[in-house]
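Peer 1: from the sequence below, what's the structure:
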Amino acid sequence: MNHIYTGLDIGNGEIKVVVVNVNDNNYHVLASTSVKTLGLKKNTIYDDKKLKNSLMHAIKITEEKIGMKIREVILTVPANRASMTMESGLVNIRGDKVRGRDITAVIKDTVEDTYDDTRELVSCLPISFTVDEEASVINPLDEVGKKLFLKAVVATSPKEEIYPYINIVRSIGINIRDIIYNTQADYYTVSTKELDRKMGAIINIGADITSIGIFNKGIMIKNSYIPVGSSSTDKDIAFIYKVDLKEAKKLKETFALSSARYADSNDDVTIVNKENKKITINQIQISEVIESRIKDILKLAKNEINRLTKREISYIIVVGGISELAGFNYVVEEILGGASSCYNMTVIGARHNKYTSVFGSCKYFAKKCLLREDDVNMFDLDEIERFISPKKKNTINDNMTNKFFGHFFDN
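Peer 2: The predicted structure follows:
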C-alpha cells in the first residue's frame, strides 16, 4: 500500500519540504522544495511574520507541484539543548503475540516520568526488545510471550527551544504529526546495515549552525553544536571582495571550489563590487578563502566529537548544502581523517545534500509506523488515488503529471 508523507525542515538558510511516497520499504520523492528562510537566525525566530511568509511560500510551491493540499508534516527541530537518557519499560502482552499496540504501550511506559513539565518528548528510539526474558530482538512483532520489555534512548528538549517552531507551523493551519531532531533525521538518510552496527558521528553544516551527533548502532546518544556555518564563507567573500552577500553566495556556488588545489589559476571572473569598481577574481584565490573557513568549521566539529566521546569512532559523515561544492570531500578527509566522508544525496527528486534531514524525517516516520503497525497517510485517500492511478485520465491528472515530471527532471 502507498503511504505519502511530508517532511518539513525549517533551516536557518533555507526551508526544505519533501513529499515522499513509501511503498514496501521503497522511498520515492514526489516533490522537493527549498526557499530562502527569512525571520530566523541561529535557530532563533526574530520575526514571526517573515518566517511565516517564507513557510507559506514553501508549502504553496510544494502543493502546486503535487496538486494536493498539505495538511500535516513531520517537523525536524534543532537539538541544541537535547537530553538523551537510557530508559526501560515493561508491559503485559495483551494477546498471545506481540502486536503494534503492545509496542506502543511499552514505549509509553518507557517514557513515563522521565522528564519534567519544562521539557518536551522528541523521540523514544528502541535499542532492543525482550519477550519473556528470551534473547533481545530489534523487532518483536509476532513474538510469542506474556511480557514485553524495552530498552531505549529517550530524547527530550526544553519546550522553549522547540515550541516556537511548532507554533509557527500550526499558525498556517498545518498539523504536526511527529517531530525529530535534524541530526537524527540525517542518520536515517545515510544509514546502512553496516553503519547500524558501528559507532560514529554525523556533522551537518547548516547556514548558521553546525550540528554534531554521536551515534551508536544507529541511535544518537550525544550531540552538540557550534554557532558557525556555511554563511560564514559568504561573509568572508563579501568582506574580502567588497560585494554584497547575494553576490558572494553566487560566486561561491557558481565559480569557486572548496579546495584550492583543484582550482584553475587561469580561471577568472570580472565583477563590479559595492564601491562600483570593476575587479577580477581568480578561482584559486576565492577557493582559498572558502577552504580556510571550511577547515576552521571542521576542526571545531572534530574537537566537539573528541569532547563528546573517548570511544573509537568508525565513521564521520558530513552533510549540508555546502558539501555540494566541488572538492569538499578532499577537505573533509584532510581534516577529519580516512574514516570520514562527505555524503552524496542521490535520491531522485531530491539530489542535493541540503535535503538529508527532511528526507530522513520521512524515513524515520515510516519505520516508526511500521514497527507500531500504524496505517498513516498524510493526504486524503481520494487525492492519493487520483494522483497515483493511471486509469483515471482527466485534465486534473494530466496537469498533476506534468508538474510531477517537470519536478522530476529539475532534480
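Peer 1: in terms of helices and strands, where is Asn377?
Peer 2: Assigned by DSSP states H and E, Asn377 belongs to no helix or strand.
Peer 1: check it and give its pLDDT.
Peer 2: Looking at Asn377, its pLDDT reads 91.
Peer 1: correct me, but it touches Ile384?
Peer 2: Yes: the pair Asn377 and Ile384 qualifies as a contact (Cβ atoms under 8 Å) at a distance of 6.6 Å. Where C-beta positions appear, they are placed from N, C-alpha and C, glycine not excepted.
Peer 1: between the two, which contacts overlap?
Peer 2: Common neighbours of Asn377 and Ile384, using Cβ atoms under 8 Å, 6 or more residues apart in numbering, are Ile4.
Peer 1: which stretches of this structure form helices?
Peer 2: Listed in chain order, the helices found in the chain under DSSP state H are 48-66, 100-111, 159-170, 182-190, 231-241, 245-254, 283-308, 328-336, 356-372, 381-388, 395-410.
Peer 1: so which bits of stretch 340-355 are buried?
Peer 2: 340-343, 345, 347, 349-350, 353-355 (16 or more other Cβ atoms under 10 Å).
Peer 1: which one of the residues you listed sits closest to Asp264?
Peer 2: Cys342 (21.5 Å; Cβ to Cβ).
Peer 1: that closest one pairs with what?
Peer 2: Val318 (DSSP bridges).
Peer 1: one more: Gly200?
Peer 2: Beta-bridge partners of Gly200, as defined by DSSP bridges: Phe215, Tyr315.
Peer 1: okay, the helices of the chain, which one's buried deepest?
Peer 2: helix 182-190 (a mean of 26; mean count of other Cβ atoms under 10 Å).
Peer 1: that helix vs strand 315-319, what angle?
Peer 2: 100 degrees (axes from the mean of the first three to the mean of the last three Cα atoms, to 10 degrees).
Peer 1: who are the packing partners of helix 182-190?
Peer 2: strand 3-10, strand 72-77, strand 199-205, strand 210-216, strand 219-226, strand 315-319, helix 356-372 (3 or more Cβ pairs under 8 Å, 6 or more residues apart in numbering; DSSP states H and E).
Peer 1: can you give the contact residues for it?
Peer 2: For helix 182-190, contacts defined as Cβ under 8 Å, 6+ apart pick out 7, 9, 11, 76-79, 123, 125, 155, 202, 204, 211-213, 215, 218, 220, 223, 317, 319, 343, 345, 356-361, 363-364, 367.
Peer 1: need the CA coordinates for that helix. PDB is fine.
Peer 2: Extracted in PDB, the C-alpha atoms of helix 182-190 (Å, rounded to 0.1, in the frame of the first residue of the first chain):
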ATOM      1  CA  ASN A 182      17.600  17.200  12.300                       C
ATOM      2  CA  THR A 183      20.800  15.300  13.100                       C
ATOM      3  CA  GLN A 184      18.800  12.200  13.900                       C
ATOM      4  CA  ALA A 185      17.000  12.500  10.700                       C
ATOM      5  CA  ASP A 186      20.300  12.800   8.800                       C
ATOM      6  CA  TYR A 187      21.200   9.400  10.100                       C
ATOM      7  CA  TYR A 188      18.000   7.800   8.600                       C
ATOM      8  CA  THR A 189      19.100   9.100   5.200                       C
ATOM      9  CA  VAL A 190      22.800   8.000   5.300                       C
END
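Peer 1: averaged pLDDT, that helix. What do you get?
Peer 2: 97.
Peer 1: got it, and stretch 62-77?
Peer 2: 95.
Peer 1: show residues contacting stretch 284-296.
Peer 2: 228, 232-233, 236-237, 240-241, 251-252, 255-260, 262-265, 322, 325, 327-328, 331, 334-335.
Peer 1: what do you get for stretch 250-266?
Peer 2: Residues contacting stretch 250-266 (Cβ under 8 Å, 6+ apart): 233-234, 237, 241, 243, 267, 269, 271, 281-284, 286-291, 294, 322, 325-328, 330-331.
Peer 1: rewinding a little: export the helices and strands packed on helix 182-190 as CSV, with columns for distance to Tyr46.
Peer 2: Formatted as CSV, those follow (distance: least, Cβ to Cβ, whole Å):
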stretch, distance to Tyr46
strand 3-10, 13
strand 72-77, 18
strand 199-205, 22
strand 210-216, 20
strand 219-226, 18
strand 315-319, 26
helix 356-372, 22
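Peer 1: closest one to Asn23 among those?
Peer 2: strand 3-10 (7.3 Å).
Peer 1: now do the closest one: which elements does it pack against?
Peer 2: Counting contacts by 3+ Cβ pairs under 8 Å, 6+ apart, strand 3-10 packs against strand 14-23, helix 48-66, strand 72-77, helix 159-170, helix 182-190, helix 356-372.
Peer 1: for the residue of the chain positioned farthest from its centre, which non-adjacent residue is spatially closest?
Peer 2: What lies farthest from the middle of the chain is Lys277; by Cα atoms, centre = their mean that is 40.9 Å. Spatial nearest neighbour of Lys277, chain neighbours left out: Lys242 (7.8 Å); criterion: Cβ to Cβ, 6 or more residues apart in numbering.
Peer 1: how many residues are close by the one you found?
Peer 2: Residues lying near Lys242 (other Cβ atoms under 10 Å) number 14.
Peer 1: quick check: the gap between it and Ala207.
Peer 2: From Lys242 across to Ala207, the span is 22 Å (Cβ to Cβ, to the nearest Å).
Peer 1: ok, now Lys97?
Peer 2: 48 Å.
Peer 1: ok, now Tyr343?
Peer 2: 18 Å.
Peer 1: how is the chain divided into domains?
Peer 2: 1-71+348-411, 83-159, 196-344 (automatic domain parsing).
Peer 1: just so I know, which of the ones you listed lies nearest Asn167?
Peer 2: Per Cβ to Cβ, nearest to Asn167 of the domains of the chain: domain 1-71+348-411, 8.7 Å.
Peer 1: and that closest one, how far out from the chain middle?
Peer 2: 13 Å (Cα atoms, centre = their mean, to the nearest Å).
Peer 1: now do stretch 157-172
Peer 2: That offset, for stretch 157-172, works out to 17 Å (Cα atoms, centre = their mean).
Peer 1: and if you look at stretch 295-302?
Peer 2: 20 Å.
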